[in-house]
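Colleague: Predicted structure and sequence below. I'll ask about it afterward.
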Amino acid sequence: MSRGRIAPTPTGYLHVGHARTFALAADRAASGTLVYRTEDLDAGRCRPEFAAAAIEDLCWLGLKWTEGPDVGGPHGPYVQSQRLTWFRDVWQRLQATGAIYPCDKSRKDVERSLTAPHAEDDAEPIFPAALRAPVGAGQDAREPGPTNWRFRVPDGETIAFVDALQGPQAFVAGRDFGDFLVWRKDGLPAYELAVVADDHAMGITEVVRGADLLLSTARQLLLYRALGWAAPSWAHAPLIVDAEGKRLAKRSAGLSIRELRQKGKTPEEVLMAPLRQLLG
Ligand code: GLU
């Protein structure tokens, strides 16, 4: 039985891009189960009122999920800030395999790690292999402690997968992406660890999300492998851009589901109409 998910981060109101990606996720999970998960690890930017608004807006659009923060279910809690014990457990599993190591790096780098690295912000410099800790570093640790932890990527290895919507993909470890953060020194898991931990725990069989996360998928595949878990299949939706070709996330004024609804647009229009019509 297929299990899909939608996993909004409540840092603001959802916009038409979210609406369309989530509707696609719901559609692809229509014959199975759709899980709703709130990804609110970034306490500085996430707000409970946005989490509540996201649920309300998606219900108004007509999306239906059978597991989630509002309806419960067998894999809860469905709110990441309530799942820290599980993330710690996954840190421990990774640490036991020697796949990760403690690392001190700039604050900016750490701040960025909590939320998914969408498109242009993913152009972060490749972590230089020369700065890696030696193999075996951190092997005695029982706790992550007040230190960042990174995943040691297999330099030169091509991570390939077939995306249901984007076709065959290939990224080279150490060239397209470097050692990435899995744990932050403030005691929280980084996005890549949290999302893999939860997609696995919630039995997700297909991940549907924006194409700006294709590179993250390569990182996540390495985590699945290190953990000995079967990876889900992937479907990355094309990004919705405005007339100037800018991603909606950066320019959502007038295009939040909320505003469109207040302007009298219907769910069908929010999901299907050309953007210029929605803005008009
Ligand atoms: N909460 C993440 C985001 O909003 C979801 C990323 C994902 O679907 O893996 O970007």
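Modeller: Sure thing, it's come through. Residues are numbered from 1 along each chain as shown.

Colleague: any idea which element Val182 lies in?
Modeller: In this structure, Val182 sits in strand 180-183 according to DSSP states H and E.

Colleague: Could you name the helices and strands sitting against the helix or strand following that strand?
Modeller: Beyond strand 180-183 in the direction of the C-terminus, DSSP H and E gives the next helix or strand as helix 191-201. Applying 3 or more Cβ pairs under 8 Å, 6 or more residues apart in numbering; DSSP states H and E, one finds that helix 191-201 contacts helix 84-97, strand 180-183, helix 214-227. All C-beta spots, glycine's among them, are computed from the backbone N, C-alpha and C.

Colleague: which residues are contacting helix 191-201?
Modeller: With contact meaning Cβ atoms under 8 Å, 6 or more residues apart in numbering, helix 191-201 is reached by 5, 7, 37, 39, 41, 75, 80, 83, 86-87, 90-91, 94, 113-117, 151, 180-183, 189, 207, 216, 219-220, 223-224, 227, 229, 232.

Colleague: Do any residues in it lie close to the ligand?
Modeller: Yes - using Cβ under 6 Å from any ligand atom, helix 191-201 comes into contact with the ligand via Val195.

Colleague: circling back to that earlier point, save the helices and strands packed on helix 191-201 as a markdown table, and put in distance to the ligand, mean pLDDT and mean neighbour count too.
Modeller: Converted to a markdown table, those look like this (distance: least, Cβ to the nearest ligand atom, whole Å; pLDDT from 0 to 100; neighbours: other Cβ atoms under 10 Å):
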| stretch | distance to the ligand | mean pLDDT | mean neighbour count |
| --- | --- | --- | --- |
| helix 84-97 | 14 | 98 | 16 |
| strand 180-183 | 14 | 95 | 28 |
| helix 214-227 | 7 | 98 | 20 |
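
Colleague: So Gly68 is in contact with Val35, correct?
Modeller: Yes - using Cβ atoms under 8 Å, Gly68 is in contact with Val35, at 6.6 Å.

Colleague: near the ligand, which residues of the stretch 101-250 of the chain?
Modeller: By Cβ under 6 Å from any ligand atom, the residues of the stretch 101-250 of the chain that approach the ligand are 116, 195, 209, 213.

Colleague: 5 Å instead?
Modeller: For the stretch 101-250 of the chain, the contact set with the ligand under Cβ under 5 Å from any ligand atom comprises 116, 195, 209.

Colleague: Spatially nearest residue to the residue nearest the centre of the chain (excluding sequence neighbours)?
Modeller: With distances taken as Cα atoms, centre = their mean, the residue of the chain nearest its centroid is Ala116 (4.9 Å). With Cβ to Cβ, 6 or more residues apart in numbering as the criterion, Ala116 has its nearest non-adjacent residue at 5.1 Å, and that residue is Tyr191.

Colleague: that older thread, now do the contacts for the residue nearest to the centre of the chain.
Modeller: With contacts defined as Cβ under 8 Å, 6+ apart, the neighbours of Ala116 are 9, 39, 191, 195, 213, 216.

Colleague: got a list of what the second one touches?
Modeller: Read it as Glu39. So Glu39 contacts 7-10, 80, 115-116, 191, 194-195 (Cβ under 8 Å, 6+ apart).

Colleague: Tell me which of those has the lowest pLDDT.
Modeller: pLDDT across the contacts of Glu39 is lowest for Thr115, at 80.
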